[in-house]
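**Student:** coords please:
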Amino acid sequence: MSASPSPSPVTLSAVVTRLRAAGCVFAEDEARLILATAPTPAALRTMVERRAAGLPLEHVLGWAEFRGLRISIDAGVFVPRRRTEVLV
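**Tutor:** Okay, the predicted model is just below:
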């Protein structure tokens, strides 16, 4: 018996296309962040689908950058926004 073929790797171009189709304005930037964060190809596909479904990018990634720090984000957690950095 031969092993079933592994799913094809997801490329930057494919992720950008999927995010653009979902209406993500900054699809290229978001795709790079998702690709850099996903630990496995399966996780990558899940993250792309969650973002395409409208989940905020920070919740998909599990973190947000704020004032040079990477802050962990989970469901129900306030997502710090860059435009509020000046207030800090």
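
**Student:** mind listing the strands in the chain by residue range?
**Tutor:** Along the chain, the segments classed as strands by DSSP state E run 63-66, 69-72.

**Student:** Show me what the last one is packed up against.
**Tutor:** Packed against strand 69-72, as judged by 3 or more Cβ pairs under 8 Å, 6 or more residues apart in numbering; DSSP states H and E, are the following elements: strand 63-66. Just so you know, the C-beta spots here come from the backbone N, C-alpha and C atoms, and that holds for glycine as well.

**Student:** mean confidence for the strand it packs on?
**Tutor:** Averaged across strand 63-66, the pLDDT comes to 92.

**Student:** looking at the strands of the chain, which is buried most?
**Tutor:** Ranked by mean neighbour count under mean count of other Cβ atoms under 10 Å, the strands of the chain are led by strand 63-66, which reaches a mean of 17.

**Student:** so which of the strands of the chain gets nearest P39?
**Tutor:** Closest of the strands of the chain to P39 is strand 63-66, at 13.1 Å (criterion: Cβ to Cβ).

**Student:** re the thing from before, now the strands of the chain as a markdown table including distance to R83?
**Tutor:** Output for the strands of the chain, formatted as a markdown table (distance: least, Cβ to Cβ, whole Å):
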| stretch | distance to R83 |
| --- | --- |
| strand 63-66 | 11 |
| strand 69-72 | 15 |
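
**Student:** do you know which of those strands lies nearest E85?
**Tutor:** Among the strands of the chain, strand 63-66 comes nearest to E85, with 6.5 Å by Cβ to Cβ.

**Student:** which outside residues touch that closest one?
**Tutor:** Applying Cβ atoms under 8 Å, 6 or more residues apart in numbering, the contact partners of strand 63-66 are 37, 58, 70-73, 79-80, 82, 85.
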